[in-house]
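**Q** structural data only, the sequence is not supplied:
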């Protein structure tokens, strides 16, 4: 996945209400699509977190015309987790298919919905993302670019540039609570466990942090 970018976009969603979302957002603060079990241009199976204004009510979610079924995973106070099974209307299906096939971009998660706005991370080569934005401008789509950063698969790729000593020291620091607030581990003790000097341990940590930040924001 090297060379890919993830662009987070905020869309003003005026057409969401035609899908039955108007009633849903009278009862919910936010709906977050956490992950996808199936996501094609025609059908989806999503894991979604719903943050309710008052008490959870699964029947409210069913009012959207794109929802075929919903299965509760858990519900605690004003937050519920569901498996949501549904289909996409033709206009949305065509848009998703166009994004994937024409611009070689794909959707990342989480996707966040609040009333009147949807935040979507899109992944693709930088030039393809630029072309996609130009297309959105031609369509007069109301959007805002929130962020643009390097794309990594579950946070693992960004660690590949670390040397073995840097990785081992960083791993130990995280596991032992060196970065916790308050700290649960002392750098000198961790260095002793690694069999290296205190200054060498801190140098490995700082170099690892620098590489990670450069990958994130470079």
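**A** Right, received. Where do you want to start? Because the structure is a prediction, the values reported are computed rather than measured.
**Q** go through the protein and flag its longest strand.
**A** strand 28-39 (DSSP state E).
**Q** for it, buried residues please.
**A** 28, 31, 32, 33, 36, 39 (16 or more other Cβ atoms under 10 Å). C-beta: built from backbone N, CA, C; applies to glycine.
**Q** could you list everything the first one pairs with in the sheet?
**A** Listed beta-bridge partners, residue 28: residue 52 (assigned using DSSP bridges).
**Q** quick one: it and residue 35, what's the gap?
**A** 19 Å (Cβ to Cβ, to the nearest Å).
**Q** hey, where'd the strands end up in this protein?
**A** Counting by DSSP E, the chain has these strands, from start to end: 4-12, 28-39, 43-52, 67-76, 79-87, 106-107, 111-114, 117-125, 143-150.
**Q** of all these, which one comes closest to residue 60?
**A** strand 28-39 (7.5 Å; Cβ to Cβ).
**Q** the closest one packs against which elements?
**A** The helices and strands touching strand 28-39, judged by 3 or more Cβ pairs under 8 Å, 6 or more residues apart in numbering; DSSP states H and E, are strand 43-52, strand 111-114.
**Q** so which of these gets nearest residue 92?
**A** The closest of the helices and strands packed on strand 28-39 to residue 92 is strand 43-52. By Cβ to Cβ, the value is 10.2 Å.
**Q** that older thread, okay if I get the helices and strands packed on strand 28-39 as CSV plus mean pLDDT?
**A** Shown next, in CSV, are these (pLDDT from 0 to 100):
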stretch, mean pLDDT
strand 43-52, 92
strand 111-114, 92
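**Q** with distance to residue 59 and mean neighbour count added, can I get those in TSV?
**A** Shown next, in TSV, are those (distance: least, Cβ to Cβ, whole Å; neighbours: other Cβ atoms under 10 Å):
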stretch	distance to residue 59	mean neighbour count
strand 43-52	12	18
strand 111-114	18	18
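**Q** list the contacts for the residue nearest to residue 78 when sequence neighbours are not counted?
**A** Nearest residue to residue 78 in three dimensions, chain neighbours excluded: residue 52, at 4.5 Å (Cβ to Cβ, 6 or more residues apart in numbering). By Cβ atoms under 8 Å, 6 or more residues apart in numbering, the residues touching residue 52 are 27, 28, 29, 78, 79, 80.
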